[in-house]
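Asks: Build the 3D model from these lines:
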Amino acid sequence: MSTLKVHAIRAVMGFAAMADAILVVLATAVMKALTGNAAFPNPTIPLTTFANDITIYSNAVAAALDGGKSAKAARDKAKKVVVNDLRQLAMYVESNCNDDLATFITSGFTAKAKPTASGAVDVPTFKWLDYGTHPGEILVSVKAVRGAKSYNLRYGPGIAPASWTVSSVGTTRKAILIDNLTSGTLYAFQVQALGGQGLSVWSDSSTIMCP
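Replies: Model prediction:
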């Protein structure tokens with residue numbers, strides 16, 4: 001019998017590796033989510049400063065489309081500022097959500113997946129959820145469990161979706177691309193494993209705001 005450990009909620013980071021268009025969408029979503037949010041009244045980065053940094057970055061991204069060297073340098077500089085803002089805000093949210101997932105999610109950040117209890121075969125978890133190359137895309141990486149022959153992935157809009165879309169996953173070696181999602185919508189993801197004794201229970205939900 002496995003023992004369920006309590007894990008502090010941690011945000012999915014990796015902001016620096018995101019494509020510019022995706023990062024602008026995420027930063028804007030976080031800024032809007034934190035504005036007037038009673039759960040997070042004193043952000044470490046003033047939201048007026050954050051909003052201004054996003055505007056500068058967004059304008060720099062547009063200006064860099066012409067391929068000019070100086071414009072690209074300005075874009076990269078502005079991106080570093082926004083990435084630093086997001087990291088500080090993510091740590092602030094982690095420290096002030098009281099390890100309550102529902103509260104954390106209102107910040108616009110995505111929580112890392114937590115381990116869950118086991119069933120007929122160990123319950124799988126997500127290594128990470130991340131943004132795809134284009135808006136409306138989410139990449140999902142599943143952590144393999146011993147004895148699993150395949151996996152089922154399901155997802156839907158909201159914290160507790162009224163309906164799920166289910167797909168079968170044959171291998172966890174590569175991230176799974178989920179597309180045709182609605183940008184600006186929060187999605188919940190769950191995964192289960194199929195072993196020799198049948199299906200595990202579904203994992204706890206991991207959520208992410210679709211870019």
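
Asks: Neighbouring strands - and their directions - for the lowest-mean-pLDDT helix or strand in the chain?
Replies: Within the chain, confidence by mean pLDDT, DSSP states H and E is lowest for strand 198-199 among all helices and strands, at a mean of 82. Sheet pairing here is set by DSSP bridges, and for strand 198-199 it gives strand 186-195 (antiparallel).

Asks: what packs against the helix or strand that contains Ala73?
Replies: Assigned by DSSP states H and E, Ala73 belongs to helix 69-96. If you count contacts as 3 or more C-beta pairs under 8 Å, 6 or more residues apart in numbering; DSSP states H and E, helix 69-96 packs onto helix 20-34, helix 47-63. Every residue, glycine included, has its C-beta placed from N, CA and C.

Asks: Please point out which parts of stretch 186-197 sit buried.
Replies: For stretch 186-197, burial by neighbour count (16 or more other C-beta atoms under 10 Å) applies to 186-195.

Asks: and what of stretch 198-211?
Replies: Residues of stretch 198-211 classed as buried: 199-200, 202-211 (neighbour count, 16+ other C-beta under 10 Å).

Asks: I'd like those residues laid out as CSV, including distance to Arg173 and secondary structure.
Replies: Output for the buried residues of stretch 198-211, formatted as CSV (distance: C-beta to C-beta, whole Å; DSSP: H, G, I helix; E, B strand; the rest coil):
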residue, distance to Arg173, secondary structure
Leu199, 21, strand
Ser200, 19, coil
Trp202, 22, coil
Ser203, 19, coil
Asp204, 23, coil
Ser205, 24, coil
Ser206, 20, strand
Thr207, 24, strand
Ile208, 21, strand
Met209, 26, strand
Cys210, 24, coil
Pro211, 24, coil
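
Asks: Let me have the residues you listed in a markdown table, extended by distance to Asp130.
Replies: Compiled in a markdown table, the buried residues of stretch 198-211 are given as follows (distance: C-beta to C-beta, whole Å):
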| residue | distance to Asp130 |
| --- | --- |
| Leu199 | 26 |
| Ser200 | 24 |
| Trp202 | 21 |
| Ser203 | 17 |
| Asp204 | 18 |
| Ser205 | 16 |
| Ser206 | 11 |
| Thr207 | 13 |
| Ile208 | 8 |
| Met209 | 12 |
| Cys210 | 11 |
| Pro211 | 10 |
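
Asks: Now do the same for the helix holding Ala73: mean pLDDT, whole number.
Replies: Here helix 69-96 scores 94 as its mean pLDDT.

Asks: which other residues reach the helix or strand just after that helix?
Replies: On the C-terminal side of helix 69-96, the closest following helix or strand by DSSP H and E is helix 101-105. Outside of helix 101-105, the residues within contact range by C-beta atoms under 8 Å, 6 or more residues apart in numbering are 9, 11, 39, 93-94, 97, 111, 159, 186, 207.
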